[in-house]
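Enquirer: need a 3D model of the sequence below.
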Amino acid sequence: MKSYRKGITEIYSQDKNLVKAESHLLTAIRISPNYSDAYMALGDLYLKIGETDKALTKYRIGAERGSEREGYFKLGKLALDIGSYPIAVEAFNSYLLIDKLPKIKRQAAIKLLEDSKFGSWAISNPNNLEPIRIDRSKEGENIEGSNFELGLNFVKNNHEYPESYFFPSISGDDSTLYFTGRNILRPPFDENIYSVKRINQRQWSKPIMVSGNINTELNEGAVSVQGDQKKMVLAACDREDGFGSCDIYFSSSSAGIWSKAKNIGLEINTSQWETQPCLSADGQYLFFVRDAKKRGSNSNIWMSRWDGKTWSRAKMLPVEINGSGDEFSPFLHADGKTLYFASNSHVGMGGLDLFKTTWAQDGTWSVPENLGYPINDHRDNFGLVVSPDGATGYLAGGTLSIPSEYKGRKNPQIYFFKIPPSIMPEKSSWLKIWAFDSISRKAVTNSSWSISKNGLGGESLGQGGSFETAFSLGSEMAFNVVAEDYNMVSKRIFTDSLDLDILSDTIFMTPIKNGDSFVLNNILFEFDRATLLNESKFEIAKIVEWMKTNPKLSIELQGYTDNVGSVEYNLELSKKRAKAVYQELVNNEISTDRLSHQGLGDSFPVASNITEFGRSLNRRTVIKVIKF
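Expert: Next up, the predicted model:
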């Protein structure tokens with residue numbers, strides 16, 4: 001007992017001497033070989049100095065010789081922490097056989113046993129990750145490491161580059177990678193935002209600090225960029241305009257120059273800790289992490305939506321995602337429905353694991369799926385982003401990013417790998433559209449853009465002379481452009497046959513003049529009735545916006561049918577349909593003085609009525625400009 005007490009005193013004294021502590025505890029064991037407390041103290045000591053094999057041995061002996069509750073739990077926890085899953089399974093099974101365990105400890109052991117079993121299974125059933133080899137950049141000296149290294153490690157080059165990189169964010173066209181950079185051994189020591197440009201599929205440019213006023217002497221971290229690179233969000237702490245310890249900030253870009261970061265506001269930020277934001281590719285959704293940073297609190301994922309003017313008050317994601325533990329690093333893929341995130345709430349391999357869940361159109365989320373080994377392992381794995389085409393993953397943490405050594409210090413780097421088919425998101429392509437005046441061929445810079453496959457409330461919005469967004473193959477989308485003094489653009493986009501990573505197009509907008517007419521391609525009715533389908537609400541809202549943008553405008557709504565049925569029946573149906581659209585506009589506060597309507601039946605066909613495709617074109621609603 002005397003040697004044991006001396007050992008404990010050395011471990012916890014202000015002038016601790018762990019060598020002496022070890023000697024005293026070993027003496028205690030020699031005197032009393034069954035002294036379980038001494039074995040447990042030695043296990044703690046070896047764990048403290050990083051000798052995990054010795055710690056495992058002492059915990060096991062301590063458990064077998066009297067300290068079974070403490071011994072088996074610590075043995076299992078340490079084995080799980082270092083990825084020794086068979087030992088962890090055995091230890092937690094032994095622990096759970098003990099009578100009268102505290103409820104909270106039993107529950108914890110059951111969860112850790114599940115993690116241990118899953119970890120053992122995952123290593124035996126790994127995902128097949130095809131390596132991506134990295135060539136040396138012609139613009140800088142990339143240091144080539146493992147098959148998964150991105151090639152952003154420039155520590156052997158001049159001091160222009162940061163020593164560590166983390167929290168990557170990829171642009172919608174897959175051309176630019178943004179990330180947080182930080183120095184460990186030399187100034188500046190604060191975190192800043194950097195970017196690299198893709199040279200080709202295997203080469204990237206030198207990292208450069210992004211231009212503008214966004215980087216300061218304070219930390220700028222956890223960056224997430226909108227797909228079109230016009231906006232970004234980031235986390236910043238201890239700012240004068242902050243509401244809590246750390247808040248979410250935003251910045252906008254003009255010609256590649258980023259503005260000073262501004263607090264995103266009280267709809268998102270609170271007196272708590274907000275960090276790790278993810279801005280969706282279309283800029284319409286913001287996911288982030290919030291934690292009260294109090295004893296017993298957890299980190300959870302929250303979400304807000306941009307309505308074109310303001311962010312909605314943030315709401316916490318449901319229990320399918322936010323469990324009893326911590327959730328981190330949300331990333332919504334460009335497909336708009338696949339969410340990747342890190343968690344220790346769900347069954348994993350120990351520490352934080354990466355998961356995938358799918359957001360359904362009804363607002364529900366699927367049961368999270370563990371991404372498996374080797375994306376996950378026993379360490380904390382987080383910060384994964386996936387390219388818009390769903391093929392490539394970027395991350396800094398875990399098996400795929402074993403830190404590089406620099407002057408004896410470990411610095412995280414960014415790595416990438418091919419996403420296994422089993423955990424791929426829906427393949428998305430990137431759409432770039434420019435709006436030009438049909439006469440002058442100059443950009444229409446006051447354009448208001450919208451595209452939606454889910455109807456009103458689920459659209460992507462944009463402003464300016466160009467618009468970029470992601471779209472999924474096999475989609476049917478309503479697309480509109482509205483601008484002052486120009487006719488509204490109404491298109492319906494079908495992407496079944498498109499298989500391009502980037503799709504570019506140009507829209508020529510015609511100045512409004514009396515007598516102009518155009519088809520409303522997204523006004524849809526129930527079969528053989530004058531009842532508008534729910535999808536038509538999106539188009540109605542855009543007509544209202546167009547008329548409010550051009551307040552002197554008066555129009556006539558014209559209904560047309562195909563030639564199936566009698567002339568009289570078709571004429572009556574066309575009148576009812578034109579009136580239905582008219583009534584919706586009136587309901588949305590468009591004055592009747594600016595509106596009229598008429599049905600024209602099956603007259604003036606724009607295509608042959610012989611085929612169904614031709615007949616579908618003839619069934620249409622048209623706007624005719626009466627006065628402007």
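Enquirer: can you pull out the helices in the stretch 1-150 of the chain?
Expert: 2-12, 18-31, 36-48, 52-64, 68-81, 85-96, 103-124 (DSSP state H, counting those that start in this stretch).
Enquirer: contacting residues around the second one?
Expert: Contacting residues not belonging to helix 18-31 are listed as 1, 3-4, 6-8, 10-11, 35, 38-39, 41-42, 45, 48-49 [Cβ atoms under 8 Å, 6 or more residues apart in numbering]. C-betas here are computed from N, CA, C, even on glycine.
Enquirer: for PyMOL, write a command that selects the buried ones of those residues.
Expert: What follows is the PyMOL syntax selecting those of those that are buried according to 16 or more other Cβ atoms under 10 Å:
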select buried, resi 3+4+6+7+8+10+11+35+38+39+41+42+45
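Enquirer: sorry, back to before: I'd like the helices of the stretch 1-150 of the chain as JSON lines, with mean pLDDT appended.
Expert: Formatted as JSON lines, the helices of the stretch 1-150 of the chain follow (pLDDT from 0 to 100):
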{"stretch": "helix 2-12", "mean pLDDT": "90"}
{"stretch": "helix 18-31", "mean pLDDT": "93"}
{"stretch": "helix 36-48", "mean pLDDT": "95"}
{"stretch": "helix 52-64", "mean pLDDT": "96"}
{"stretch": "helix 68-81", "mean pLDDT": "97"}
{"stretch": "helix 85-96", "mean pLDDT": "97"}
{"stretch": "helix 103-124", "mean pLDDT": "96"}
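Enquirer: TSV for these, including distance to Asn588?
Expert: Listed next are the helices of the stretch 1-150 of the chain as TSV, based on distance: least, Cβ to Cβ, whole Å:
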stretch	distance to Asn588
helix 2-12	72
helix 18-31	75
helix 36-48	67
helix 52-64	67
helix 68-81	59
helix 85-96	61
helix 103-124	53
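Enquirer: between the contacts of helix 18-31, which is closest to Gln583?
Expert: Closest to Gln583 out of the contacts of helix 18-31 is Lys48 (75.8 Å), distances taken as Cβ to Cβ.
Enquirer: give me the below-cutoff pLDDT ranges for this protein.
Expert: 130-162, 397-412, 454-458, 495-502 (pLDDT under 70).
Enquirer: can we see that at 50?
Expert: By pLDDT under 50, the low-scoring segments of the chain are 133-159, 398-409.
Enquirer: partners of the closest residue to Thr392 other than its chain neighbours in the sheet?
Expert: Leaving aside its sequence neighbours, Thr392 sits nearest to Phe416 (Cβ to Cβ, 6 or more residues apart in numbering; 5.6 Å). Phe416 forms beta bridges with Tyr394, as assigned by DSSP bridges.
Enquirer: wait, Phe416 sits on Val386?
Expert: No - counting by Cβ atoms under 8 Å, Phe416 stays clear of Val386, with 9.9 Å between them.
Enquirer: list residues touching both of these two?
Expert: 392-394.
Enquirer: can you add distance to Lys293 and give these back as a markdown table?
Expert: Compiled in a markdown table, those are given as follows (distance: Cβ to Cβ, whole Å):
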| residue | distance to Lys293 |
| --- | --- |
| Thr392 | 34 |
| Gly393 | 30 |
| Tyr394 | 28 |
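Enquirer: among the residues you listed, find me the one that's closest to Glu217.
Expert: Of all these, Tyr394 has the smallest distance to Glu217: 27.8 Å, by Cβ to Cβ.
Enquirer: burial measure for the closest one, as a count.
Expert: 23 (other Cβ atoms under 10 Å).
Enquirer: residue contacts, it?
Expert: 150, 168, 170, 177, 384-387, 414-416.
Enquirer: if we go to 6 Å?
Expert: Tyr394 makes contact with 168, 385, 414, 416, according to Cβ atoms under 6 Å, 6 or more residues apart in numbering.
Enquirer: can you give me the neighbour number for the second one?
Expert: Looking back up the chat, that one is Val385. For Val385, the count of nearby residues is 24 (other Cβ under 10 Å).
Enquirer: go on, the last one?
Expert: A total of 25 residues lie near Phe416 under the criterion other Cβ under 10 Å.
Enquirer: with Pro187 instead?
Expert: By other Cβ under 10 Å, 7 other residues sit near Pro187.
Enquirer: that one should be in a helix, yeah?
Expert: No - read with DSSP: H, G, I helix; E, B strand; the rest coil, Pro187 is coil and lies in no helix.
Enquirer: in this protein, which residue is closest to the centre?
Expert: Phe331 (1.8 Å; Cα atoms, centre = their mean).
Enquirer: contacts for the helix or strand where that residue lies?
Expert: For Phe331, the host element (DSSP states H and E) is strand 327-332. Applying Cβ under 6 Å, 6+ apart, the contact partners of strand 327-332 are 276, 278, 280, 287, 289, 299-301, 339-343, 382-383, 385.
Enquirer: strands of the stretch 201-350 of the chain, residue ranges please.
Expert: Ranges of strands in the stretch 201-350 of the chain, per DSSP state E, counting those that start in this stretch, are 203-204, 208-209, 221-225, 231-237, 246-254, 257-258, 262-263, 273-279, 285-291, 300-305, 315-316, 327-332, 338-343.
Enquirer: the host helix or strand of Ala435 packs against which elements?
Expert: Using DSSP H and E, Ala435 maps to strand 428-437. Counting contacts by 3 or more Cβ pairs under 6 Å, 6 or more residues apart in numbering; DSSP states H and E, strand 428-437 is packed against strand 466-472, strand 502-509.
Enquirer: could I get whichever helix or strand comes after it in PDB with only the CA atoms?
Expert: For strand 428-437, the following helix or strand on the C-terminal side (DSSP H and E) is strand 448-452. Written as PDB, here are the backbone C-alpha positions of strand 448-452 (Å, rounded to 0.1, in the frame of the first residue of the first chain):
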ATOM      1  CA  SER A 448     -33.800  37.500 -61.800                       C
ATOM      2  CA  TRP A 449     -33.300  33.800 -62.200                       C
ATOM      3  CA  SER A 450     -35.200  30.800 -60.800                       C
ATOM      4  CA  ILE A 451     -35.100  27.100 -61.400                       C
ATOM      5  CA  SER A 452     -37.000  24.300 -59.600                       C
END
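Enquirer: ok, strand 448-452: who's next to it in the sheet?
Expert: strand 460-463 (antiparallel), strand 476-482 (antiparallel).
Enquirer: in the longest one, what counts as buried?
Expert: The neighbour-count criterion (16+ other Cβ under 10 Å) identifies 477-482 as the buried residues of strand 476-482.
Enquirer: now the angle between strand 502-509 and that strand, please.
Expert: 40 degrees (axes from the mean of the first three to the mean of the last three Cα atoms, to 10 degrees).
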